[in-house]
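A.B. asks: below: sequence and its predicted model.
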Amino acid sequence: MISLIKGDITKIKVNAIVNAANTSLLGGGGVDGAIHRAGGAAILEECKQIRAKQGGCDVGEAVITTGGNLPAKYVIHTVGPVWNGGHKGEPELLANCYRNALRLAIAHGVNTIAFPNISTGIYRFPKPEAADIAIREVQQFVATDNSLDEIFFVCFDDENYSLYKVRL
Ligand code: ADP
């Protein structure tokens, strides 16, 4: 089941929340900052260990850590593309974020997951196009894999919430 929520993803009680991280995995602004602040030092510790092993996270890829002090057990960190006009592979890279986050979730036995609107803040991906991609990828995934009970899109801003509402 795919559901829409308006609010702060750090408050959602699911097995895993997805973070719109950056390639450094060392935290940043927006939802990334909110997750690290609310989740505490354990998340950054694990991110640093992953960095030491594989040198961060590429755009479109995903890694998983503890949820630390969050209600969620895990945080799946994925790195969205920075919007550069749309001809630098941004749509495909954004699709990869959703796909890879979902794959990683399944591999860890996650059955409830919440996504923020990846790339639509500091990375400036146009919100309508990003919503189309996010919904398409999640719908395609659940059509072939039924191991997830609930997938939430968590919209923080009114514009994204309205865009998702008319599409879902
Ligand atoms: P990116 O760098 O991928 O664009 P941002 O964090 O700047 O990441 O923005 C991604 C989306 O996250 C934006 O739509 C923004 O409104 C939203 N956002 C910011 N804070 C939160 C939060 N606490 N919970 C859920 N979404 C959030």
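C.D. replies: In hand now; what should we look at? Note that the structure is predicted; figures quoted are calculated from it, not measured.
A.B. asks: quick one: what helix or strand has the most centrally placed residue in the chain in it?
C.D. replies: Central residue of the chain (CA atoms, centre = their mean): residue 18, 3.3 Å from the mean position. Element membership of residue 18, judged by DSSP states H and E, is strand 16-21.
A.B. asks: who in the chain is up against the ligand?
C.D. replies: For the chain, the contact set with the ligand under CB under 6 Å from any ligand atom comprises 8-10, 20, 30-32, 34, 80, 116-123, 154, 156-157, 160. For every residue, glycine as well, the C-beta is placed using N, CA and C.
A.B. asks: show the buried residues in the residues you listed.
C.D. replies: Among the residues of the chain next to the ligand, those buried by neighbour count (16 or more other CB atoms under 10 Å) are 9-10, 20, 30-32, 34, 80, 116-121, 123, 154, 156, 160.
A.B. asks: can you pull out the helices in the protein?
C.D. replies: Assigned by DSSP state H, the helices in the chain fall at 30-39, 41-54, 90-107, 127-144, 158-167.
A.B. asks: tabulate the ones you listed in TSV, adding columns for mean pLDDT.
C.D. replies: As requested, the helices of the chain are exported to TSV (pLDDT from 0 to 100):
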stretch	mean pLDDT
helix 30-39	98
helix 41-54	98
helix 90-107	98
helix 127-144	98
helix 158-167	98
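A.B. asks: now these in CSV, please, with extra columns for distance to residue 61.
C.D. replies: Listed next are those as CSV, based on distance: least, CB to CB, whole Å:
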stretch, distance to residue 61
helix 30-39, 15
helix 41-54, 9
helix 90-107, 6
helix 127-144, 15
helix 158-167, 23
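A.B. asks: among these, which is nearest residue 64?
C.D. replies: helix 90-107 (5.4 Å; CB to CB).
A.B. asks: elements contacting that closest one?
C.D. replies: strand 62-66, strand 74-79, strand 112-115, helix 127-144 (3 or more CB pairs under 8 Å, 6 or more residues apart in numbering; DSSP states H and E).
A.B. asks: next, the angle strand 74-79 makes with that helix.
C.D. replies: Per axes from the mean of the first three to the mean of the last three CA atoms, to 10 degrees, the angle that helix 90-107 makes with strand 74-79 is 160 degrees.
A.B. asks: using PDB, list the CA coordinates for helix 90-107.
C.D. replies: C-alpha atoms of helix 90-107 as PDB (Å, rounded to 0.1, in the frame of the first residue of the first chain):
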ATOM      1  CA  GLU A  90      19.100  13.400 -13.700                       C
ATOM      2  CA  PRO A  91      15.700  11.600 -14.200                       C
ATOM      3  CA  GLU A  92      17.400   8.100 -14.500                       C
ATOM      4  CA  LEU A  93      19.600   8.900 -11.500                       C
ATOM      5  CA  LEU A  94      16.600   9.900  -9.400                       C
ATOM      6  CA  ALA A  95      14.800   6.700 -10.400                       C
ATOM      7  CA  ASN A  96      17.800   4.700  -9.300                       C
ATOM      8  CA  CYS A  97      17.600   6.300  -5.800                       C
ATOM      9  CA  TYR A  98      14.100   4.900  -5.300                       C
ATOM     10  CA  ARG A  99      14.900   1.500  -6.800                       C
ATOM     11  CA  ASN A 100      18.100   1.000  -4.900                       C
ATOM     12  CA  ALA A 101      16.600   2.200  -1.600                       C
ATOM     13  CA  LEU A 102      13.700  -0.300  -2.100                       C
ATOM     14  CA  ARG A 103      16.100  -3.100  -3.000                       C
ATOM     15  CA  LEU A 104      18.200  -2.400   0.100                       C
ATOM     16  CA  ALA A 105      15.100  -2.300   2.300                       C
ATOM     17  CA  ILE A 106      14.000  -5.700   1.100                       C
ATOM     18  CA  ALA A 107      17.500  -7.100   1.600                       C
END
